[in-house]
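test case, fold it:
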Amino acid sequence: MNRRSLLRTMAGGACGSLVLPSLAALEPGAAASSDDTPAALRRLRDARWSEEKAFRYMQQFGEIKGCNYIPSDGSSIMTSPNEELIRRELGWARDVAGLNCVRVWIDLADFQINADQLHANFEKFLKACDENRIKVLLVLSMQSALDPGVSPAAAAMSQPTMDFHPSVHGGGLRYPDRIHWPCCEPEGAMPAKAAAAWEQTKPAAEKFFRTFLTRYKNDERILLWDLYNEAPKSARPYVEILFEWAREAGPSQPLSVCWQGHDLSDVITFHTYARPGFETANRNNPGWDFLNELDWARAWGRPMLCTEWLARPFGNTIAAILPFFARYHIGWFVWGLCAVGPAQYQFPWDWPMGSPPPREWFHCLLYPDGTPYSAEEILAIREFRYRELPPQVMTQSYWRSWKIDINRADQIVAPEPTARIDSQLTSGKA
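Numbers count the residues shown, from 1 in each chain. Down below sits the predicted model:
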């Protein structure tokens, strides 16, 4: 979650994958096509759902309004669930905040340590969500894998510690004996330890992905599979392997990866913590502003979900962002439901320890007792609808050139930008 640099460039992120080692580099011998695209990569791109299929699938859910859900007491949904608290907070998500979806993580390490317990806890969570008419967007995460030098039995005996510092964003349970794969930095390097452990980690990772995708591939409680959270360039070869496993499982739900997976995704997912039209505070390197990220996501001509946003002190607010999501039919997930607790998501990244809270909360919608942080925000969320623009808009040359029927989501396509991006991806030029 800590982004000292948000997006240097989303275009460079996706297009740059072809100048890095790809699936073919990890598995030598794959033939290349006449345009120098490795055959394995071409197959993955061809395996994407058609744009029409993706739009038809997403239309059945209407407006997706969700949050990235972590219980306010800092407990783990998948390993030490506080079932009473989870049910109560999911009820608030539905009845108070007006949400209909949550985004949650399942870690590879937890599967390695006790797969049966993980499945049982996840099933309970799915049931609680279903009782509250809430869909689940599931992140299958390799970002926390068990150290190959530690046995699952030994890891099961290790106790997590609570990481808490007053006013510091992102505290919570910390588990020993785990290798952390890169995320959250578009240019982030692959840690040497993770790369060295891959051959030992791969069998468990493959079983993890195939097991969950196969078991729940027709489960209507699951909205979408997120195969890697914020994959940096260095993770692209592994992202391709994850897509390969997922396609072979054949889920009825779409697949997606933010950043290093747009050319392989059925539905485009993106993240933004920026104010529309302005540079974002609290980062070291310049990145694309909100509108450029939005244009990049739209250019693929596919349904879109913004699976992380809301940074009020940066100007990334409910009032500033929802009109764009309504106009362009973008489903969304704010970061956080209930604030306070050990994670302290109401404080911005890199907030000085022990400092008073910011004038505006950074993340989250509710206090720990379910009271809205802002009644105006909750009203805007509850009233959020995709906007149907008047027919007169179709007379404008901008819309004609993009061939968009804004009153029919299944017809939203962007031939010229999509063709341009496909060409860049194929040639490796940004």
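
do you know how far D163 is from M157?
For D163, the distance to M157 equals 20 Å [C-beta to C-beta, to the nearest Å]. C-beta coordinates here come from the backbone N, C-alpha and C atoms, glycine included.

comparing these two, which residue is more hemmed in?
Set D163 next to M157 and count neighbours by other C-beta atoms under 10 Å: D163 wins out with 14 against 9.

for the more buried one, what are its contacts?
G171, G172, L173, R174, P342 (C-beta atoms under 8 Å, 6 or more residues apart in numbering).

and with 7 Å instead?
G171, G172, R174 (C-beta atoms under 7 Å, 6 or more residues apart in numbering).

would you list the buried entries among those residues?
By neighbour count, with 16 or more other C-beta atoms under 10 Å, the contacts of D163 hold G171, G172 as buried.

just the ones of the contacts of D163 in strands?
Residues of those located in strands (DSSP state E): G172, R174.

and stretch 314-328, how far out from the chain middle?
Centroid displacement of stretch 314-328 relative to its chain, using C-alpha atoms, centre = their mean, to the nearest Å, is 18 Å.

stretch 90-101 now?
The answer for stretch 90-101 is 19 Å, by C-alpha atoms, centre = their mean.

check stretch 56-63 too.
18 Å.

residues contacting the residue lying closest to I330 once chain neighbours are set aside?
Residue nearest to I330 in three dimensions, not counting chain neighbours: M304, with 4.7 Å by C-beta to C-beta, 6 or more residues apart in numbering. Listed by C-beta under 7 Å, 6+ apart, the contact set of M304 reads I268, A297, R298, I330.

how near is S151 to M78?
Distance from S151 to M78, by C-beta to C-beta: 20 Å.

who has more neighbours out of these two?
M78 (21 against 14).

just want the most central residue of the chain.
T307 (4.8 Å; C-alpha atoms, centre = their mean).

what about the nearest residue to A115 once chain neighbours are set aside, how many neighbours?
Spatially, and ignoring its direct neighbours in sequence, A115 is nearest to T211 (7.3 Å; C-beta to C-beta, 6+ apart). Using other C-beta under 10 Å, T211 is surrounded by 16 other residues.

tell me which helix or strand T211 sits in.
helix 192-215 (DSSP states H and E).

quick one: that helix to chain centroid distance?
19 Å.

tell me the mean pLDDT for that helix?
Helix 192-215 carries an average pLDDT of 96.

now that helix: buried residues?
A194, A195, A197, W198, T201, A204, A205, F208, F209, T211, F212, L213.

and the residues you listed as CSV, adding distance to Y238?
Listed next are the buried residues of helix 192-215 as CSV, based on distance: C-beta to C-beta, whole Å:
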residue, distance to Y238
A194, 9
A195, 9
A197, 12
W198, 8
T201, 10
A204, 14
A205, 9
F208, 13
F209, 11
T211, 18
F212, 17
L213, 16
